[in-house]
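Engineer: Have a look; sequence and predicted model below, questions after that.
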Amino acid sequence: MKASILETIGHTPLLTIPNTNHANEAQILMKYERYNPGGSIKDRAALHIIKEAERRGLLKPGGTIIESSSGNFGISLAMIGAAKGYRVIILIDPKTTSANRALIESFGAEAIVVTEQDDCGSYHKTRIALANRLADEIEGAYRPDQCFNLLNSEAHYASTAREILDDSGGELSVFITAVSTGGQLGGISKYLKTFAPHVQVIGVDAVGSAIFGGRSDAYRIPGIGLGWTPVNLEMSRIDEAYKITDEQAFVTARAFARREGILMGPSSGACALVALKKAQMLPPGERVVCMIADGGDRYIPTLFNTEWITAQGFDTTADMTVVRQMAAELTPWSVCPAADANYRADLVASLEVPQSTLDMNTELLHGREVGVAASRYID
Ligand SMILES: Cc1ncc(COP(=O)(O)O)c(C=O)c1O
């Protein structure tokens, strides 16, 4: 028996893809985060951050949780707020799916849509700035601040990474995940480079995002990308980076639903495409672990709506044969991501990151080796 829904977070399954994987290539294993009660990997970071805020007295009974999120982290916080009795306000943007907004509101949380784009053509900076302003104005407010809070990656260091290594029997050659706040990639890469340094760690971003350098532009993959390199991501631990187009990500996710019966969102489609590429390059017996951050049911109005896919100009008929060929033709964006890092220390001041977040980051880093990412953002 579980004392609360929150006790069901984590310990997600690792899936094989028998209909897709060929016998003459490495085995792909998918870490299927849809099994978290909020439906995505973000439950892990959200719970870790909220528990730590309670422990430190930053969030007290009757308090309000305020966060900027394109959906998944907001859904996780809304669920946790409901289970623990907090008011929750989530700043979303026009790219947030109607299903995600409905989920946030189903848990009794308030969703505010931020429509003003930032100078990167995205909504991250405008959402974060408004969240910080609201947190200043509302008494008893707490900002989890997934973008600047090092507890985000710590959550994955402490749970997701350990599960991956344990469940694959330590036998994996490559690990792949998508990036936005860098929580997953930052925490899991830190763990793997410490306890399994032979594992090649690969980050997957969107064409149009500038996490691994390059120009910022608009893109449609939800939950992925950022206009700068986040503090949670220590780029020296990343061996290779790929940038995936909107069409590649959506088409791959659709193909996996039909071929394997696995529902996944577009960011996971992007990861799965890179996993296919790596598996094709490696011999049988090797293992490639790929994160599937959420399920596809929350993208039904877009990803699984053929009219919407057609309106974007994407291929509506691509099957796994087409997707496998697409994977074979992929080339890495970078084989030395550290050289292309795009750290922006100035954002701490311009986005008015709460002092409580900065103080906690400094404390978390006290006595530890401070990586390049952290030293750029923290005094
Ligand atoms: C579906 C999905 N995939 C990937 C990511 C990226 O994860 P992270 O923020 O830990 O880098 C997110 C983050 O919101 C997400 O919602």
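Structural biologist: Yep, that arrived. Bear in mind that the values here come from a model prediction, so they are computed numbers and not experimental data.
Engineer: List the contacts of residue 294.
Structural biologist: Going by Cβ atoms under 8 Å, 6 or more residues apart in numbering, residue 294 touches 33, 34, 39, 40, 41, 72, 223, 264, 265, 267, 268. The way it works is simple: take the backbone N, C-alpha and C, and place the C-beta from them, glycine included.
Engineer: which residues does it form a beta bridge with?
Structural biologist: residue 40 (DSSP bridges).
Engineer: Count the neighbours of the nearest residue to residue 216 once chain neighbours are set aside for me.
Structural biologist: In space, and not counting its chain neighbours, residue 216 is closest to residue 120: 3.9 Å by Cβ to Cβ, 6 or more residues apart in numbering. Neighbourhood size, residue 120 [other Cβ atoms under 10 Å]: 19.
Engineer: Counting only helices, which of the contacts of residue 294 make the cut?
Structural biologist: 72, 267, 268 (DSSP state H).
Engineer: looking at those residues, which has the most residues close by?
Structural biologist: Among those, residue 268 has the most neighbours (other Cβ under 10 Å), with 36 neighbours.
Engineer: With adjacent residues omitted, what lies nearest to that one?
Structural biologist: Nearest residue to residue 268, sequence neighbours excluded (Cβ to Cβ, 6+ apart): residue 292, at 4.2 Å.
Engineer: chain center to stretch 192-202, what's the gap?
Structural biologist: Mean-position distance between stretch 192-202 and its chain equals 19 Å (Cα atoms, centre = their mean, to the nearest Å).
Engineer: which of the residues in it are buried?
Structural biologist: 192, 193, 196, 199, 200, 201, 202 (16 or more other Cβ atoms under 10 Å).
Engineer: Quick one: those residues as TSV, columns for secondary structure and distance to the ligand too.
Structural biologist: Compiled in TSV, the buried residues of stretch 192-202 are given as follows (DSSP: H, G, I helix; E, B strand; the rest coil; distance: Cβ to the nearest ligand atom, whole Å):
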residue	secondary structure	distance to the ligand
192	helix	15
193	helix	17
196	coil	20
199	coil	18
200	strand	18
201	strand	13
202	strand	13
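Engineer: Return the two entries of the residues you listed that lie farthest from one another.
Structural biologist: The most widely separated members of the buried residues of stretch 192-202, counting by Cβ to Cβ, are 196 and 202 (14.3 Å).
Engineer: Now do the helices in the stretch 151-300 of the chain.
Structural biologist: Along the stretch 151-300 of the chain, the segments classed as helices by DSSP state H, counting those that start in this stretch run 151-155, 161-167, 183-195, 246-260, 266-281.
Engineer: tell me what the third one is packed against?
Structural biologist: To tie it back to what came earlier, the one meant is helix 183-195. Secondary-structure packing of helix 183-195 (3 or more Cβ pairs under 8 Å, 6 or more residues apart in numbering; DSSP states H and E): helix 151-155, helix 161-167, strand 174-178, strand 200-206.
Engineer: just the CA coordinates of that helix, formatted as CSV?
Structural biologist: The C-alpha atoms that make up helix 183-195 are tabulated as CSV, following Å, rounded to 0.1, in the frame of the first residue of the first chain:
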residue,chain,number,x,y,z
GLY,A,183,18.1,18.4,-15.5
GLN,A,184,18.1,14.9,-17.0
LEU,A,185,21.2,15.2,-19.1
GLY,A,186,23.1,17.1,-16.4
GLY,A,187,22.3,14.7,-13.5
ILE,A,188,22.5,11.5,-15.5
SER,A,189,25.8,12.4,-17.2
LYS,A,190,27.3,13.3,-13.9
TYR,A,191,26.4,9.9,-12.5
LEU,A,192,27.5,7.9,-15.5
LYS,A,193,30.8,9.8,-15.8
THR,A,194,31.4,8.9,-12.2
PHE,A,195,30.3,5.3,-12.0
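Engineer: How about residues contacting that helix?
Structural biologist: 41, 45, 146, 152-158, 160-162, 164-165, 175, 177-179, 199, 201, 203, 230, 232-234, 237-238, 291, 293, 373.
Engineer: can you list the residues of the stretch 251-379 of the chain near the ligand?
Structural biologist: The stretch 251-379 of the chain comes close to the ligand at residues 265, 267, 293, 294, as judged by Cβ under 6 Å from any ligand atom.
Engineer: can you do 8 Å?
Structural biologist: Residues of the stretch 251-379 of the chain that fall close to the ligand, judged by Cβ under 8 Å from any ligand atom: 265, 266, 267, 268, 291, 293, 294.
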